[in-house]
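In: fold the following for me, if possible:
(one chain, ligands or ions: 1)
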Amino acid sequence: MLTTRFSTFFGLQSPIALAPMALTSGGALVAACAQAGTLGLLGGGYGDVAWVQKEHALALSLLSHSPGALSRFGCGFITWRLHEDASALDWLLDQPHTPAALMLSFGDPRRYAARIARRGIPLICQIQRIEQLPLCLEAGAAVIVAQGIEAGGHGMNSLDGRSTVSLVPEMADQLQQRSPSTLLLAAGGIADGRGLAAALALGADGALIGTRFWATKESLATEAAVKVALETSGDATARSPIFDILRRKNWPNEFNFRAIRNLLHQKWESHMPALMASPEAARHDYDAGVAANDFDRAHITVGEAVGLIHDYPAAAELITRIHQQATQLLSR
Ligand SMILES: Cc1cc2nc3c(=O)[nH]c(=O)nc-3n(C[C@H](O)[C@H](O)[C@H](O)COP(=O)(O)O)c2cc1C
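Out: Down below sits the predicted model:
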């Protein structure tokens with residue numbers, strides 16, 4: 001029932017990909033998702049080689065007796081950061097295990113495309129606007145992820161971002177005209193079978209899910225943070241550069257970050273020029289919050305879909321639930 005071009009291409013039982021969430025999609029979560037028949041993408045994030053090596057080894061060891069699942073194990077990186085240091089990608093491309101896919105988000109993917117293609121690895125490009133599509137097609141992307149502004153973590157800033165429900169069908173139409181064999185995933189706000197069914201109805205071949213997998217047993221999110229998220233409505237997140245400034249992350253202006261809009265975030269919302277001009281005191285406040293596990297100051301990275309999270313299941317249980325609900329809805 002839920003067989004799509006995406007599930008067929010990657011040998012999946014459900015047309016779902018685990019988003020490559022930095023410091024969240026580690027080896028255990030990736031392995032659980034791959035074993036449950038979805039595409040598991042390791043959160044290579046900013047390209048910390050030691051982290052990638054450790055979590056990659058964990059996933060390989062957990063999947064060593066399941067060749068089918070091993071073939072559903074891939075990785076993702078933040079593209080602009082690779083321009084500064086691509087050693088984690090270099091390391092990955094030198095490994096004997098060929099990743100099921102490599103996903104690049106937030107920047108021009110063309111510089112890496114030829115090397116990825118030479119290893120026969122399908123390239124997945126996550127984008128937020130239609131005008132970003134030509135570069136990805138030029139890079140030979142096998143899959144485009146259309147990421148709406150509802151998404152957790154980084155995405156397009158509020159001026160330029162698009163919402164999932166209109167971006168996905170417009171992207172589907174564009175792909176139909178320009179490159180019909182390129183697959184399309186929807187991302188941003190998808191957390192249950194309703195979201196997956198909607199993604200397919202909008203013309204996507206599947207869904208890339210982050211926030212909902214963040215709150216699973218195998219995720220590297222801490223239990224304390226998940227406990228806060230379980231009490232949080234989708235109304236209570238915001239997109240801004242505030243946490244990037246506080247974390248000393250040098251993101252290009254076109255992108256910013258969705259997380260829970262906690263007290264520290266609210267404090268700086270109307271004082272952005274002051275924060276940018278002199279961030280050190282605020283950074284100390286933030287660092288102290290992180291050290292104390294104080295989520296009024298430390299950030300919790302989730303998207304609007306946080307309001308759809310009411311429990312803390314194992315990833316496999318969640319996947320079964322999403323799959324069954326989507327199947328029921330689509331068969332009505
Ligand atoms: C905790 C967290 C970390 C993320 N880290 C990354 C990342 O390192 N690279 C990336 O391409 N996307 C990252 N994302 C965004 C996802 O790729 C995806 O677009 C998003 O999670 C989809 O929306 P959703 O959160 O509503 O499911 C992250 C998202 C979350 C929630």
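In: helices of the stretch 151-300 of the chain, start to end?
Out: Assigned by DSSP state H, counting those that start in this stretch, the stretch 151-300 of the chain shows helices spanning 164-178, 193-201, 211-214, 223-230, 242-246, 263-269, 272-277, 280-291.
In: the ligand is nearest to which of these?
Out: Between the ligand and the helices of the stretch 151-300 of the chain, the tightest spacing by C-beta to the nearest ligand atom is seen for helix 211-214, at 3.3 Å. Every C-beta, even on glycine, is put in place using the N, C-alpha and C of the backbone.
In: for the stretch 151-300 of the chain, what lies in contact range of the ligand?
Out: Proximity of the stretch 151-300 of the chain to the ligand (C-beta under 6 Å from any ligand atom) is limited to residues 151-154, 187-190, 208-211, 214.
In: closest to the ligand out of these?
Out: Closest to the ligand, out of all of these and judged by C-beta to the nearest ligand atom, is residue 210, at 1.9 Å.
In: excluding chain neighbours, what is closest to that closest one?
Out: residue 19 (3.5 Å; C-beta to C-beta, 6 or more residues apart in numbering).
In: who touches the helix or strand that contains residue 17?
Out: Per DSSP states H and E: residue 17 is located in strand 16-18. With contacts defined as C-beta atoms under 8 Å, 6 or more residues apart in numbering, strand 16-18 is touched by 25, 29-30, 33, 38-41, 124, 145, 185, 196, 206-210, 213, 315, 319, 322-323.
In: residue 45: what's it in contact with?
Out: 20-23, 51, 76-78, 81.
In: try residue 251
Out: 80, 106, 154, 241, 244, 257.
In: what is the nearest of these to residue 300?
Out: Nearest to residue 300, judged by C-beta to C-beta, of the contacts of residue 251 is residue 257 at 11.6 Å.
In: which residues touch that closest one?
Out: Applying C-beta under 8 Å, 6+ apart, we find residue 257 in contact with 153-155, 239-244, 251, 301.
In: what distance do you get for it to residue 303?
Out: 10 Å (C-beta to C-beta, to the nearest Å).
In: go on, residue 267?
Out: For residue 267, the distance to residue 303 - C-beta to C-beta - is 22 Å.
In: so which of those two has more stuff around it?
Out: residue 303 (29 against 15; other C-beta atoms under 10 Å).
In: what about the closest residue to that one other than its chain neighbours, neighbour count?
Out: Of all residues not flanking residue 303 in the chain, residue 152 sits nearest, at 3.1 Å (C-beta to C-beta, 6+ apart). Neighbourhood size, residue 152 [other C-beta under 10 Å]: 30.
In: on that earlier part again, nearest to residue 6, of the residues of the stretch 151-300 of the chain next to the ligand?
Out: The nearest member of those to residue 6, counting by C-beta to C-beta, is residue 208 at 9.9 Å.
In: give the contact list for the closest one.
Out: Residue 208 makes contact with 16-19, 126, 145, 147, 185-187, 190, according to C-beta under 8 Å, 6+ apart.
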